[in-house]
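Peer 1: show me the folded form of this:
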Amino acid sequence: MENQTPNTSSDEIDLGQLFSKIGNFFANIGMGIMRFLALLRRIPIENKVIFLIIIALSIGAGLSYYSVKKKYYETTLILSSNYLNKRLVDNAIEKLNLLAEEKDKAGLAKTLSISDSLAKNIDQFSAKPFVNEKDLIELEVLKEQLKNAQSESKNSKVIEQVIQRIEIENRHAFEITLRTYSPTVIHDLQTALVSFFKNNEYVKRRIEITKINYTAKEQKLSHDLQKLDSLKFIIYDNYKSMASQSRQGSNNVILSDKAVTDPVQIYNQDLELYNQLQSVKAQLYLQPDFEIVDGFTELSEPTSASTLKVVLISILIGIALAYLIVALKSFNNYLANLS
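Peer 2: So this is what the prediction gives:
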């Protein structure tokens, strides 16, 4: 019987050959990159005249545009209001930008209640929420989780305080950016822009009713505190008189209701009302329902590109155009050889 040698299956993979092919693949990629870099280096050397002319023309065009284009200044205002929302702010900014695109800008001047000369210094506006929507969604999810835990926990009061503390500050604030041609008019434009949002009918009515409610609450708390002060004096004199009596008989009238005559409860109630009154006064003074968190800043240097930046950008554009022209020229020569 003849010895049969085992046949090697044709689909068996030689790992050495596999790694060799992988190495050759990456080596070819590396060589291709090196050839491409060498080509990029060779093209400018072989086409010096074209590159120099295109770059010079690009720099000249950039400097010409820079001399014609007005320099502008950008500054940012943070405006917080419980009555502003993203849709309302975006709609208002869009209207202002449409008016700013007009040549005479008379409509913009009328809308912002400013002079025509002041309106002509405005280039454009932009706005975005100070706190993005992703953060607000994450905050609401966290609050719901804490509320669910609150119903199952004995420390519900502590969790409630945590929920109040994680409220994002300035969640109703918006970052409004102004682009102007003159830095000296920034303060006047801030006053006009804030008045524009504040005098919006939707916002204006809510600011007025909030102020009316707080004023009425302040008056009531002040009146109640006066009554409590009078009651405190009566109770104090009553206890003082009782202490001075050596006999039980007294002409003083003692109220039988312990809740009314308890001096500690009266003084605690007085302190609570006093704290409420101070809080209301703070709300009336600060007006947190509509306030400027951070105003515009008068800049000394323009935000627009400097001369050096314009030159560098022009050089890069010139180089890109030169490469494109050389590539088109080479492609045209290739087509000519084919014909």
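Peer 1: and stretch 70-85, what's buried?
Peer 2: 72, 73, 74, 75, 77, 78, 79, 80, 81, 83, 84 (16 or more other CB atoms under 10 Å). Glycine gets a C-beta too; all of them are placed from N, C-alpha and C.
Peer 1: and which of these is nearest to residue 318?
Peer 2: Closest to residue 318 out of those is residue 72 (25.0 Å), distances taken as CB to CB.
Peer 1: re earlier: let me know the closest of the buried residues of stretch 70-85 to residue 316.
Peer 2: residue 72 (22.4 Å).
Peer 1: return the residues in contact with the closest one.
Peer 2: Contacts of residue 72 were listed using CB atoms under 8 Å, 6 or more residues apart in numbering, and they are 123, 179, 180, 181, 302, 303, 304.
Peer 1: who wins for neighbours among these?
Peer 2: Using other CB atoms under 10 Å as the neighbour criterion, residue 180 leads these with 23 neighbours.
Peer 1: for the closest residue to it other than its chain neighbours, give me its contacts.
Peer 2: Excluding the flanking residues, the one nearest residue 180 by CB to CB, 6 or more residues apart in numbering is residue 121, at 5.1 Å. Counting by CB under 8 Å, 6+ apart, residue 121 touches 180, 181, 182, 185, 189.
Peer 1: swap in 6 Å and give it another go.
Peer 2: With contact taken as CB atoms under 6 Å, 6 or more residues apart in numbering, residue 121 is in contact with 180, 181, 182, 185.
Peer 1: could you identify the most distant pair in these?
Peer 2: Distances among the contacts of residue 121 were taken as CB to CB; the most separated pair is 181 and 185, at 8.6 Å.
Peer 1: list the buried residues in stretch 113-131.
Peer 2: Of the residues in stretch 113-131, those buried (16+ other CB under 10 Å) are 114, 118, 119, 120, 121, 122, 123, 125, 127, 129, 130, 131.
Peer 1: repeat that for stretch 301-317.
Peer 2: Residues 304, 310, 311, 314, 317 are the ones in stretch 301-317 that count as buried (16+ other CB under 10 Å).
Peer 1: looking at those, which is nearest residue 45?
Peer 2: Nearest to residue 45, judged by CB to CB, of the buried residues of stretch 301-317 is residue 317 at 20.5 Å.
Peer 1: off-centre distance for the strand or helix carrying that closest one?
Peer 2: Element membership of residue 317 [criterion: DSSP states H and E] is helix 307-338. Computed by CA atoms, centre = their mean, to the nearest Å, the separation of helix 307-338 from the middle of its chain amounts to 41 Å.
Peer 1: which elements pack onto it?
Peer 2: Helices and strands touching helix 307-338, by 3 or more CB pairs under 6 Å, 6 or more residues apart in numbering; DSSP states H and E, are helix 48-68.
Peer 1: where does the stretch 151-300 of the chain dip in pLDDT?
Peer 2: Applying pLDDT under 70 to the stretch 151-300 of the chain flags residues 151-171, 242-261.
Peer 1: and the strands in it?
Peer 2: 173-180, 290-294 (DSSP state E, counting those that start in this stretch).
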